[in-house]
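Asker: need a structure here:
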Amino acid sequence: MGAIAVSKKAEQQIERLRKELCIQTKSEVVRVALRTLEEKTAEERLRQEFQKSVQRCGKADKLENQALFQGAFPFQHLDD
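Answerer: Residues are numbered from 1 along each chain as shown. Just a heads-up that it's a prediction; the model follows:
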């Protein structure tokens with residue numbers, strides 16, 4: 001693996017996390033961070049897909065409920 005140029009601030013962050021998390025190497029800190037980002041991204045993608053599905057089903061349910069309601073009360077009498 002090639003070296004990655006990072007700023008002094010980023011290097012300090014990596015070192016701080018390495019010590020705080022008791023990780024032996026800086027490269028392992030980067031691997032853990034990448035794995036965590038992948039998991040978070042996958043969770044967010046799944047959440048968005050779930051939300052879209054709920055919205056689609058909600059619209060379909062609303063239309064179905066309207067049709068059922070109209071079928072239950074086919075005529076409205078003005079003198080009732």
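
Asker: elements contacting the longest helix belonging to the chain?
Answerer: With secondary structure taken from DSSP state H, the chain has its longest helix at helix 26-72. Helix 26-72 is packed against helix 8-20, with contacts defined by 3 or more C-beta pairs under 8 Å, 6 or more residues apart in numbering; DSSP states H and E. Using the backbone N, CA and C atoms, a C-beta is placed for each residue, glycine as well.

Asker: one step back: pull the distance from the longest helix of the chain to the chain's centre.
Answerer: 7 Å (C-alpha atoms, centre = their mean, to the nearest Å).

Asker: where in the chain is pLDDT low?
Answerer: Scanning the chain for pLDDT under 70 picks out the ranges 1, 72-80.

Asker: Tell me which residue lies nearest the centroid of it.
Answerer: Centroid-nearest residue in the chain, with C-alpha atoms, centre = their mean: Glu44, separated by 1.5 Å.

Asker: Can you tell me how far that one is from Ser53?
Answerer: For Glu44, the distance to Ser53 equals 15 Å [C-beta to C-beta, to the nearest Å].

Asker: try Gln12
Answerer: 43 Å.

Asker: Please apply the same query to Thr41.
Answerer: Per C-beta to C-beta, Thr41 is found 19 Å from Ser53.

Asker: for Glu64, same thing?
Answerer: Here Glu64 is placed at a distance of 16 Å from Ser53 (C-beta to C-beta).

Asker: cool, and Ala42?
Answerer: 16 Å.

Asker: Could you do Leu46 as well?
Answerer: From Leu46 across to Ser53, the span is 10 Å (C-beta to C-beta).

Asker: got it, and Leu68?
Answerer: Following C-beta to C-beta, the distance that separates Leu68 from Ser53 is 22 Å.

Asker: same deal with Glu38?
Answerer: Separation of Glu38 from Ser53 (C-beta to C-beta) stands at 23 Å.

Asker: what's the answer for Thr36, then?
Answerer: Counting by C-beta to C-beta - Thr36 and Ser53 are separated by 26 Å.
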